[in-house]
Every structure is written in C-alpha cells, then in structure tokens.
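Trainee: predicted coordinates and the sequence they were generated for:
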Amino acid sequence: MKKIELHLHFDGSIDVDYANKVMGKDIKKEMIGSGSKTLKEYLDKFQLPIELLQDIENIEHFSYLLAKELENDEVIYAEVRFCPLFHVEKYSLTQVIEAMKRGFNKVSTVYVNFIFCMMRHFTFEKNLEIINLTKSFLGHGVVGIDLAGDEGNYKTANFSGLFKIIKQNSIPFTIHAGEADSYESVNSAIDFGVRRIGHGVRSIESLETIRNLREKKVVLEVCPTSNIDTHVVSSIDKHPIKKLIDNGVLVTINTDNRTVSHTSLNHEYQILQDTFGFTKEDFKRFNLNAIEVSFSDEELKEKLRSEILEDYK
Ligand SMILES: [Zn+2]
C-alpha cells in the first residue's frame, strides 16, 4: 500500500552496504541502536553517518539509496530531516541540498521535502542560525523546522524563545517531545502551538495531555521500533499507540531511523497489524492524518490524498 512518511532522519537512514564500502569495514555494529540503554546512547550512533555525510558524492548517493528504500516501502511522499550544520564541514549548505535533491530525484515515484533540525544541546545562537537557514531555504526544498536530540537532559520548555521566533517568521514546525521526557514535554510543545509532534507517546501518562492533543487535533509522528530501541517501551505489545488512538489522538506511522533502528515502513506496518490488529481502514486514516499535517503545499496534499484514497479503497 502507498504511504506517507513524515518522521525520517537522513543520517539515521544511510544504506549500510554502501557505508561499509566507503569506510572499508563493517560498520553495522557501530550503527545499529537496538542495544542502546538510553536515548543518548542511541543518538551516539549518528557520529559515523555524520562523518560520511560530509562528502558531496556520498550525500548524493546515500540520498539516492534512501529514495530506493522509500520506493520499496511504496512511500509516495516523505519529509526527510537533518541538522544542516552537521553536513557543512567541506561544502556549502546549498551544495549539500542540491546533492540531496539530485539523489532523491533519481527515483521519480517518491516526492521528498526536507526539514531542518535544531539540536537540544546547541546554544541559543547556534539554533537561531538554523532558524535563519530554514528561512532562507524555505521554498527551495526545505519545508519546516524541528527540535531534535537529547530530550532527557534539555527540557522542551527551555526552547520557548526559539519557537517564538519560529512562529513570528511563520515557519512550519514539529518538535520531538514525549520520548525521553514525560508528558510535560508534550505540554510544552502544545503550548508553543505545535500541530504535530515527533513521538509524543509519553502523553499516555496524562489524561489531560491526551485531552489537549485530541481537542487541538495535534498529530503524533509515532515510530514504534525506535521507541523500543530507546526504551520508551519494553516491547511492541506495550506500545501505547492503540490506547492513544482509542482516546481520540491522531497518529501517523514512521520509521524514525531506518538504519539505526534497522527497520522499514513495511515492517512498522506489519508489526502494528500483527500486534494490534489494525486494518486497512486504520492505515488509510494514519496516512490521511500525515497528509493533513505535512508541510507540503495544498496542491500536493490534494494529489497525495487522492492517491491514498484510491489505493486504500
Ligand atoms: Zn526522530
């Protein structure tokens, strides 16, 4: 079935075989996050891909390989995110973005837009720089901004100043929240006026947060396997996705990191179907939810909607 994927990190989704070839060694162990004890440890897995993603040819080829993976999953629209400051040691951001576009455009069945990530451990000034970069690249392949990184040690509430600027500049935004930190992190994101949240699964800890999500129609970008890897949940059957949906919360299904979490979107759909008995009708709704809060323009949204409705008839 056709799919929309909104929560996908470029550096966490590089092709392992090609990475091995470039590095001249087997890097699988260094990149798979399932043995991590914390979100912080899981995030340490991104060092190596960031190293690889400085070279312009690598960037283009990894983009192409990721596009092929998306095609295998029948993804027709994806928003791929990354921190722009992580890939500009050797080349300008314009060159990096152009290389990504060249790579992704080689696969014509998948339409890709980019989201820039601010990082929680960065200084205010550095994240402000990312806001300004987002502003200047909006409409040139970039459609929005995110806040990613170590949620456990850097509270969402502390970023209100940055999100004020983001809103003043009318930049579409999403926030990782309610993953390593509790429902309070989700509350902060809702206070900032967010329409979609990365993970958000720990909203399950508070009925009031759930009610807030429901009333404001905030959509959660749920990434089940990733949540197991970072110990938000102990196993798939303990995942709160079904409870959240039963409480009226809107969700989308995503991989987060295809390599680090060693998964595909087909796999995520499969384990959710096997564990919770979700039907075609459910998956259709998840994809329509995704289109609703995607950062694409209305024209593309309309096209995606009709493709999904046709495919899930
Ligand atoms: Zn993420």
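Mentor: Good, I have the coordinates.

Trainee: report the buried residues of the least confident helix or strand in the chain by mean pLDDT.
Mentor: Of all helical and strand segments in the chain, the minimum by mean pLDDT, DSSP states H and E falls on helix 28-31, at a mean of 82. Neighbour-count burial for helix 28-31, with 16 or more other C-beta atoms under 10 Å as criterion, is recorded at Met31. Every C-beta, even on glycine, is put in place using the N, C-alpha and C of the backbone.

Trainee: longest helix of this structure, counting residues only.
Mentor: Taking DSSP state H as the criterion, the chain has its longest helix at helix 56-72.

Trainee: pull the number of nearby residues for Asp191.
Mentor: 13 (other C-beta atoms under 10 Å).

Trainee: tell me the mean pLDDT over the longest helix of the chain?
Mentor: On average, the pLDDT along helix 56-72 is 97.

Trainee: then stretch 88-104?
Mentor: pLDDT averaged over stretch 88-104 gives 96.

Trainee: how about residues contacting it?
Mentor: Identification of contacts with stretch 88-104 by C-beta atoms under 8 Å, 6 or more residues apart in numbering yields 10, 54-57, 59-67, 80, 84, 87, 110, 112, 114, 133, 137, 140-142.

Trainee: among those residues, which ones are buried?
Mentor: Counted by 16+ other C-beta under 10 Å, these give 10, 55-56, 59-67, 80, 84, 87, 110, 112, 114, 133, 137, 142 as buried.

Trainee: any chance you could map the strands in this structure?
Mentor: 3-9, 75-82, 111-119, 142-148, 175-177, 196-199, 219-222, 250-253 (DSSP state E).

Trainee: can you pull the buried residues of the first one?
Mentor: Judged by neighbour count using 16+ other C-beta under 10 Å, the buried positions of strand 3-9 are Lys3, Ile4, Glu5, Leu6, His7, Leu8, His9.

Trainee: list the contacts of the third one.
Mentor: Meaning Glu5. Leu70, Asp73, Val75, Tyr77, Ala78, Glu79, Asn254, Thr255, Leu265, Ala290.

Trainee: closest to Phe278 among those residues?
Mentor: Leu265 (13.7 Å; C-beta to C-beta).

Trainee: what sits against the residue nearest to the closest one when sequence neighbours are not counted?
Mentor: Leaving aside its chain neighbours, Leu265 sits nearest to Asp73 (4.1 Å; criterion: C-beta to C-beta, 6 or more residues apart in numbering). Residues in contact with Asp73 (C-beta under 8 Å, 6+ apart) are Lys3, Glu5, Ser264, Leu265, Asn266.

Trainee: swap in 7 Å and give it another go.
Mentor: Lys3, Ser264, Leu265, Asn266 (C-beta atoms under 7 Å, 6 or more residues apart in numbering).

Trainee: shaky segments in the stretch 101-250 of the chain?
Mentor: For the stretch 101-250 of the chain, no stretch is flagged by pLDDT under 70.

Trainee: all helices for it, in order.
Mentor: 124-137, 160-168, 183-191, 207-216, 224-229, 241-246 (DSSP state H, counting those that start in this stretch).

Trainee: check which residues of the second one are buried.
Mentor: The one in question is helix 160-168. Leu162, Phe163, Ile166.

Trainee: out of the residues you listed, which is nearest to Lys238?
Mentor: Checking the buried residues of helix 160-168 one by one against Lys238 (C-beta to C-beta), the nearest turns out to be Phe163, at 31.4 Å.

Trainee: mind checking how far the nearest residue to the closest one once chain neighbours are set aside is from Lys303?
Mentor: Among residues not flanking Phe163 along the chain, Phe192 sits closest, at 4.2 Å (C-beta to C-beta, 6+ apart). Distance check for Phe192 against Lys303: by C-beta to C-beta, to the nearest Å, it reads 30 Å.

Trainee: compare neighbour counts for the two and give me the winner.
Mentor: Phe192 (20 against 15).
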